[in-house]
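Colleague: Got a sequence here, can you model it:
(chains A and B)
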Amino acid sequence: MTSQFWGTPEGWIAIAGLAIGTFLIRYSFIGFFAGKRLPPKFERALQLAVPAIFAAIVVPLVVMNQSHVDLNARWPHMIAALVTGLVAWWRGGMMLPIVAGMSTLYLIEFVLR
Amino acid sequence: MNHQSSLPTAHEASARDAFIAGFKQCVVLTPSYIPFGLVCGVAAVQAGLGELGAIALAAFAFAGSSQAVLTQFIASGAPLAIAILSGLVVNLRMAVYSAAISQRISNATRRERVLWAAFLVDQTFLFDEQRHARGLFKAHPLAFFLGCSAILWPTWIATNTAGAFLGAKLPPTWQLEFTIPLSFIAMVVPLLKSSGQTGAAIAGGAAGALLFALPLKLGLIAACFIGAMVGLVIDALLAMRAVRGGKS
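Modeller: Sure thing, here's the model as predicted:
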């Protein structure tokens, strides 16, 4: 077994941190504050934070090339992302939108360019 | 159609029936786990967690989007604390699920509560919402929930494991890592049910790109906060307009 197989100590700290923290979030109202309710404003803010953080992760990954906005290199990715968004909106699910987006990317990069 | 023969009523359904019903309902979700599970496995290995770490992450975190966020941050050289915190922000929505489940399991023991929490993910929550809305298996909700988990959890670990071992063999021109943002898009679009949520996504995305250069990846946390605030403002404006519209 190589060291790559076992990972790094930092990696294991990250794994433990995410696993334990996520369990505490899941257990919060089921266990710690059983029977209590979130304030409605706060519950809404949590609902809104989810699309916000996903969009904040997605946009740079789509439009940036090595931490610079590079529309010249990334326009095929932008179109692929748009196709995935449209298919997700139209049909939902996970598999079909990803396959549609990646097919679009391959079509542009390997066939048209 | 005699629906009573296919769906046992609350009186006659045993815990075993509930478990099997949960299992069967969730089997249809397993194909949707394949691409994202593979991607998460690949990303974990590329971030240096190792094959074993990738499997452990899937098994113990059991939360795909936060796994992808965590590994994305580690791969981009962000400090550990920021990577973990960002992954946890993505999972904060589970507090909302936890609050909803908590309302309907008031008699559960400590051990049962731990089981509810351990397998609480988007899919198991959504199926429990549907079960609850239809008034099914009221005597054995946990058995139904565990039946659902009994197929989804092993499937998640298996797809991540496959990604961890196959990932390194895939050629880079395939740009497999681009399936991560695409999977996030596929996950977010169905969430955009209100103007507030759509506004939060647009503001979050714009802020994410503009604040990208902030140190320690703090731009992401800031963008999340800005997006949520914009969403709340849109909610408030719409509520005000609704009140004014009602008066005129």
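
Colleague: where's whichever residue of chain A sits closest to chain B relative to residue B:196, distance?
Modeller: Here the residue of chain A nearest chain B is residue A:52; by C-beta to the nearest C-beta that distance is 2.3 Å. Quick note: C-beta positions are derived from backbone N, CA and C, even for glycine. Distance check for residue A:52 against residue B:196: by C-beta to C-beta, to the nearest Å, it reads 11 Å.

Colleague: More neighbours: the two, which one.
Modeller: Per other C-beta atoms under 10 Å in any protein chain shown, whichever of residue A:52 and residue B:196 has more neighbours is residue A:52, with 32 against 23.

Colleague: can you pull the contacts of the residue of chain B found nearest chain A?
Modeller: Residue nearest to chain A within chain B (C-beta to the nearest C-beta): residue B:227, separated by 2.3 Å. Going by C-beta atoms under 8 Å, 6 or more residues apart in numbering or on different chains, residue B:227 touches A:48-49, A:51-53, A:55-56, B:199-201, B:203-205, B:207.

Colleague: any residues in contact with both of residue A:52 and residue B:196?
Modeller: residue B:231.

Colleague: Quickly find the element holding residue A:38.
Modeller: Counting by DSSP states H and E, no helix or strand carries residue A:38.

Colleague: So it is in contact with residue B:99, correct?
Modeller: Yes. The criterion here is C-beta atoms under 8 Å, and residue A:38 meets it with residue B:99 at 5.2 Å.

Colleague: who touches both of the two?
Modeller: Residues touching both residue A:38 and residue B:99 by C-beta under 8 Å, 6+ apart: residue A:29.

Colleague: can you list the domains in chain A?
Modeller: If you go by automatic domain parsing, the domain ranges for chain A are A:1-36, A:38-113.

Colleague: And for residue 50, the neighbour number?
Modeller: I'll assume chain A. 26.

Colleague: The intended chain is chain B.
Modeller: So residue B:50, with other C-beta under 10 Å, has 22 neighbours.

Colleague: so it sits right up against residue A:10, yeah?
Modeller: No. Applying C-beta under 8 Å as the test, residue B:50 and residue A:10 come out as separate, 11.3 Å apart.

Colleague: Might you list the low-confidence residue ranges for the chain?
Modeller: No chain was given, so I picked chain A. For chain A, the stretches flagged by pLDDT under 70 are A:1-3.

Colleague: I was thinking of chain B, sorry if that wasn't clear
Modeller: B:1-12, B:216-217, B:246-248.

Colleague: where do the helices sit along chain B?
Modeller: B:3-6, B:15-27, B:30-46, B:50-61, B:64-75, B:80-91, B:93-103, B:110-118, B:122-134, B:141-166, B:179-188, B:195-210, B:218-247 (DSSP state H).

Colleague: quick one on the thing from earlier: mind checking how far the residue of chain B closest to chain A is from residue B:198?
Modeller: Per C-beta to C-beta, residue B:227 is found 10 Å from residue B:198.

Colleague: any shared contact partners between those two?
Modeller: residue A:51.

Colleague: ok, back up a step: which among the contacts of residue B:227 count as buried?
Modeller: Buried members of the contacts of residue B:227, scored by 16 or more other C-beta atoms under 10 Å in any protein chain shown, are A:48-49, A:51-53, A:55-56, B:199-201, B:203-205, B:207.

Colleague: Just give me the closest of those to residue B:37.
Modeller: For those, the closest approach to residue B:37 (C-beta to C-beta) belongs to residue A:53, at 21.2 Å.

Colleague: which residue packs closest to the residue nearest the centre of chain A, ignoring adjacent ones?
Modeller: What sits nearest the mean C-alpha location of chain A, by C-alpha atoms, centre = their mean, is residue A:54, with 5.4 Å. For residue A:54, ignoring the flanking residues on the chain, the nearest one in space by C-beta to C-beta, 6 or more residues apart in numbering or on different chains is residue B:188 at 4.5 Å.

Colleague: Near that neighbour, how many other residues are there?
Modeller: 24.

Colleague: so who does it touch?
Modeller: Contacts of residue B:188 by C-beta under 8 Å, 6+ apart are A:50-51, A:54-55, A:58, B:201.

Colleague: Between which two of the residues you listed is the distance greatest?
Modeller: Of all pairs drawn from those, the greatest distance, 12.4 Å, lies between A:50 and A:58 (C-beta to C-beta).

Colleague: Give the burial count for residue 89, as a bare number.
Modeller: Using chain A. For residue A:89, using other C-beta under 10 Å, the count is 14.

Colleague: let's do chain B instead
Modeller: For residue B:89, using other C-beta under 10 Å, the count is 20.

Colleague: Where do the domain boundaries of chain B fall?
Modeller: Domain assignment of chain B by automatic domain parsing yields the ranges B:3-191, B:192-248.

Colleague: Make TSV out of the ones you listed and add distance to residue A:70.
Modeller: Output for the domains of chain B, formatted as TSV (distance: least, C-beta to C-beta, whole Å):
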stretch	distance to residue A:70
domain B:3-191	14
domain B:192-248	12
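
Colleague: Mean neighbour count, these: which tops it?
Modeller: domain B:3-191 (a mean of 20; mean count of other C-beta atoms under 10 Å in any protein chain shown).

Colleague: Now for residue B:102: which residues touch it?
Modeller: A:29-30, A:33-36 are the contacts of residue B:102 under C-beta under 8 Å, 6+ apart.

Colleague: Sitting in strands, which of the residues you listed do you find?
Modeller: Using DSSP state E, no member of those sits in strands.

Colleague: Out of the residues you listed, flag the one nearest to residue B:132.
Modeller: So of the contacts of residue B:102, ranked by how close each gets to residue B:132 (C-beta to C-beta), first place is residue A:30, at 14.5 Å.
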